[in-house]
Every structure is written in structure tokens, then in C-alpha cells.
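Visitor: test case, fold it:
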Amino acid sequence: MAIHSSPEWRALARHAREVRKLHLRDLIEDPARSRRMRARHDGVLLDYSRQLATAETLRLLFDLARAADLKGRIRQMLSGRPINRTEHRSVLHTALRMDAEQSLVVDGQDVVPQVLEVRDQIHRFVNRVRSGKHLGASGHALTDVVSIGIGGSYLGPEFVAESLRTDPVSARAAAGRRLRFLANVDPIDVSRALDQLDPASTLVVIVSKTFTTAETMLNARTVRTWLTRHLGERAISRQMVAVSTNREAVRSFGIDPQNVFGFWDWVGGRYSVSSAVGLLPLSLHYGPGPLSRFLKGANSIDRHFQSAPLKQNLPVLLGLFGVWNSTFLGHCSRALLPYCQALLKLSPHIQQVDMESNGKGVNLEGRRLPFSAGEIDFGEPGTNGQHSFYQLLHQGRTVPADFIGFKRSQRPLQLKGEAISNHDELMSNFFAQPDALARGRTAAECRAEGIPRELIPHKVFPGNRPSNVLLLPLLDAYTTGQLLALYEHRTAVQGFVWGINSFDQMGVELGKQLAGKVRDQLARFRRSSNSSNSSNWGKGRRERVAGFNPSTTALLEEYLTDDRARPGVR
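Guide: Residues are numbered from 1 along each chain as shown. Predicted coordinates:
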């Protein structure tokens, strides 16, 4: 039976109609309810008392989880069953965080030793580079790293890199080094990534599972040209390394086969930051120590996800409330609001993890969903977001939110004479905003405050905006790993309940195919333009663009007839 046809689903849908009559202004005043709506694990506190939910809501959500066999699906994923049905693959990013004490046997083979072998290979190479034993083509130490990849090969590693940049322990380990990411095929991104870098001291990491991703490989060829122009062909084998499964293509590119770091089909791109995809560039910059702590933090949540009862399971609670808000209450968006500037890349990474995973229109059997799956994720660190889009959150659309805060700052600061520290000022907003969204402000409260009558309609806030609050001790490598795993598993929980495949991305492939067709058209035009006499330029150019709809044909012709693209025009 499809989950949307189950009695549990119908019961929740009926219950949602009743809950819409309630208001969080009243619900959050119940101290017993507040105590019940908290869960903890390993220093992470989740307070979900500002969800538009009652004890009955929770009971029905857990009934739905049982109807969807949520526990069984979690077990299947963590045991290596091929739950990615369309690609016939296991989903084992959790194995990347395991230690030597753990074991995971898939098809009769323990995958953990393979993970540890690649991890050891990374450590050996990183130690040689950071100690100066592995030098560049001109004999210089390699202190700067450019990591070339796109999507999951970029977003996750950049999120972790930014999270650790102002962590004192990690910052000391990275002193005198620079880490850049090159993802966009736009040449402006190339310029920014290479800005003020010395080719002699730059190590390039190319991240591509197949070593065929068009954007990544064009960027790789571009940076290879930059290196060899300054240092000669020897720079390729000394200063370029790869994270890939296609060893033959890597060897043909000129990279030393000993400097190829592998991963596996059971690692999806957006879940790959814990593999060599993230560990190699991040360890080169920060050293192995912080990354070891990062893996331990993620592993802590993995174990909790596997063993904790549903009612105390942090990712399960986050995921079930995501289903409740988006599917049953009809809120299609979600805001990620970290009150920590170091998490400025959390939202972009989770956008991909969640929207690429759960933005699906069919269930596991390929049948069209009669409801919308997935959410639109966005966010910005507070208090920047408060002066950007919070107006909409307070008075416009209802957007469920996750507030993420820390008891201590990576960089504590208190000015002499100030009553509170800078971090206290930040956290004052952190604690106030969820309450403001939940409570709102009534016309009666406006009148009591003496607000002029004509302004009262403008200063009334409806409230009843749901949110979660996550409070952690301090943002460091360990808690970064915890946050990563929390949101990865939240996404999986929602996909399991909806009955979709959260681990393929067919929509991405369609765009790539169409881009290839356009690329071929542009290449044919450029070749014909270069070979034709400039005086005959433009004759028959309409016939050169073919095979597209009228709108795209007109746009391509406009693009190709730019004056500066004409032969002979400078």
C-alpha cells in the first residue's frame, strides 16, 4: 500500500485540519509541553516546542513512521542494502565515518578496511606535502591548494572549510596556507580561484568520480595550462592529484597513478564530503587532526540515528516535522538560520543535500506522487538574515525555520564598558526570533504599547510560525561533523516516509544532456566562423542554428551575433 493511502496518513491529514485552529502563542506557555518537546544527544539539544504540534500530533507522526517502516528503512540503509533502486547501489556514506573498531559487511565483504586504507593513503600524502617532503616541480613547498569539483564535490568541502576557518585549533594548523575551491565553469571563477596564487607553490586537486564531468574537466584543463605555462609539463605529475574512480582517464591526463585517491559507487556526490572528496583538500589545508575530529562527530550522530528510539532520535524528529510542515500543513519552504558566521556555507550545502535528494515526483515504484515532496531550502547567518528576509517570515508567508546556535563563540569578544559580549548580543537575537515568530503581536498588544491607531495594522504580526531550535556547545570540527550528519539523516528520514528514492538525481542528468546539445551547436558555429572570411560573416547564419525550439534558436542567434564575437572585430 502506498503511504498516502494508509490509515495513518489519512489520520494525520484530518488532524492537520484541527491543529490549524491552534496558535503557538498559547501552546508555548505550557511548561509540561515544553519539557516533553526536547531531545538531546552528545551535547546537541533539540527544542521543538515551537512546532505547531500537540502530543496527539507526535503520536500520529510516529504511527506514520511505523506505517512507512522507517526503522526498517534506516536499518536497510545502514546495513548496505541497495536502497538506491534506480542505480542498484547501496547508500553507505555512514561507512566513511566509521573507525577501526567498527565493521560493515556488504555482499560478504567488510567495507570499513577499504575506507581506512584510503584514509591512510590520504594521511601519508598529506604528511609528505605538509612536511615538505613532497615538493612542487620547481622545488617549492606546496602551501596552497585549489580543489576543482562541482556540486557535491565542492559544496560539502567548502561548508566544512568555512566552518573550521575561524576555529582556533584548525586555524593554527592552517597557518601560512590557502585553500580555494573552483566549481563554476564561468571563467570569472577561475580568475578568483587563482588570484594571487603562485603556480610554484600550488597543489591542484581534481575531484570527479568519472573524470568526465564537463565543467570540472574544462576547469581542470584550464588550471593545467596555467601550471604548465609557468612550470612545464612536469608540474602535472608533481602538482596535480585526483579523487576519482576512473584511473585510466586520470593517467591519460598526466597525473601520477600513485596520487589518485578512490571512493566507491555507494558514495553519492552530495554525501561525499566524508570521503577523499572532502578529506583530501581539507586535510591538506588543516592537517589530519581536525578532520579526524570531524569524522568522529559525524559518527556520533550516525550511531545515535541507528540506535536511538524514534521518540528521542534527533534526525528522526527533524525529518518527521519536515514531513508534517511541508506535506500536511502545506509549507513548501524551510529556512536554515545559523547564528554563527562560520556556518555561512551550511545552507548552500544542505540545499543540495535536501533538494537534489527529495525533489522527486514519483515514488520508488515509479508512480506519480499525489502530493509534493521536498522543500525549498534557503538561509543566511543571523543577524544578517534578520535585515534581509525575516520581514517575509514575520508578516508574509509561513516558512518553518531551524535556528542553530552555540553556547560559546569560536572567537569570543567583549569590549570594555559593554554590558554583554558580542556573542551575547548575537544570541539575544537567536533566542528572541523563534519566540517572535511563534507569538507574533496582536492589535491589543499594539494598543497597549501606545502605537498610533493608523499604524496598528502594519505592526500586527500573525505569529504561529513554526521553528526548531538546535543549541550546541561550540562550533568546532566535532560539532561540524554532527551538524552534517544530522541534516543528511533528516533528509533520508523524509524520503523514507514519502516513499521516494532520495539517492539518485535524474533531473541533473537531463540538464547535462541538453547543455551538451547546445555545446555542440556552439562548437560548430565557432569552427565555421573561424574558417570563413570576415567579409562574408553573417551570411546564412540563421541556418547555422538548428534543432532547437524557436525561443532558444532566437536566443542562440542573439548570443552568436554579439559584435565582439564577429571575426575581425576587436
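
Visitor: distance check, residue 139 against residue 47.
Guide: According to CB to CB, to the nearest Å, residue 139 and residue 47 sit 56 Å apart. C-betas here are computed from N, CA, C, even on glycine.

Visitor: between the two, tell me which one has more neighbours.
Guide: residue 47 (18 against 8; other CB atoms under 10 Å).

Visitor: and the more buried one, its phi and psi?
Guide: Main-chain torsions, residue 47, degrees, to the nearest 10: phi -110, psi 110.

Visitor: now swap in residue 206 and tell me
Guide: phi -100, psi 120.

Visitor: bridging residues for it?
Guide: residue 148, residue 242 (DSSP bridges).

Visitor: thinking it is in contact with residue 213, fair?
Guide: No. Residue 206 is beyond contact range of residue 213, at 9.8 Å (criterion: CB atoms under 8 Å).

Visitor: who has more neighbours, these two?
Guide: residue 206 (28 against 22).

Visitor: just give the number of residues close to residue 8.
Guide: Residue 8 has 17 nearby residues by other CB under 10 Å.

Visitor: could you report the separation of residue 498 from residue 8?
Guide: 13 Å.

Visitor: with residue 46 instead?
Guide: 23 Å.

Visitor: residue contacts, the closest residue to residue 56 other than its chain neighbours?
Guide: Leaving aside its chain neighbours, residue 56 sits nearest to residue 15 (6.5 Å; criterion: CB to CB, 6 or more residues apart in numbering). Taking CB atoms under 8 Å, 6 or more residues apart in numbering as the criterion, residue 15 is in contact with 56-57, 60, 328.

Visitor: can you give me the strands for the chain?
Guide: Remark: strands assigned in the chain by DSSP state E are 38-41, 44-47, 105-106, 109-110, 144-148, 178-182, 202-207, 240-243, 260-261, 333-338, 376-379, 401-408, 467-474.

Visitor: can I get the ones you listed in a markdown table with mean pLDDT and distance to residue 345?
Guide: Formatted as a markdown table, those follow (pLDDT from 0 to 100; distance: least, CB to CB, whole Å):
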| stretch | mean pLDDT | distance to residue 345 |
| --- | --- | --- |
| strand 38-41 | 98 | 24 |
| strand 44-47 | 98 | 20 |
| strand 105-106 | 92 | 32 |
| strand 109-110 | 94 | 34 |
| strand 144-148 | 98 | 14 |
| strand 178-182 | 98 | 10 |
| strand 202-207 | 98 | 16 |
| strand 240-243 | 98 | 20 |
| strand 260-261 | 97 | 23 |
| strand 333-338 | 98 | 10 |
| strand 376-379 | 97 | 10 |
| strand 401-408 | 98 | 13 |
| strand 467-474 | 98 | 17 |
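
Visitor: now the ones you listed as TSV including distance to residue 226?
Guide: Formatted as TSV, these follow (distance: least, CB to CB, whole Å):
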stretch	distance to residue 226
strand 38-41	46
strand 44-47	43
strand 105-106	41
strand 109-110	42
strand 144-148	10
strand 178-182	11
strand 202-207	9
strand 240-243	11
strand 260-261	21
strand 333-338	35
strand 376-379	35
strand 401-408	38
strand 467-474	39
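
Visitor: care to break the chain down by domain?
Guide: 22-81+308-410+422-504, 106-292, 507-565 (automatic domain parsing).

Visitor: what about the first one, how long is it end to end?
Guide: Put plainly, it is domain 22-81+308-410+422-504. 38 Å (CA to CA, to the nearest Å).

Visitor: kindly report the same for stretch 314-334.
Guide: So stretch 314-334: terminal residues 17 Å apart, CA to CA.
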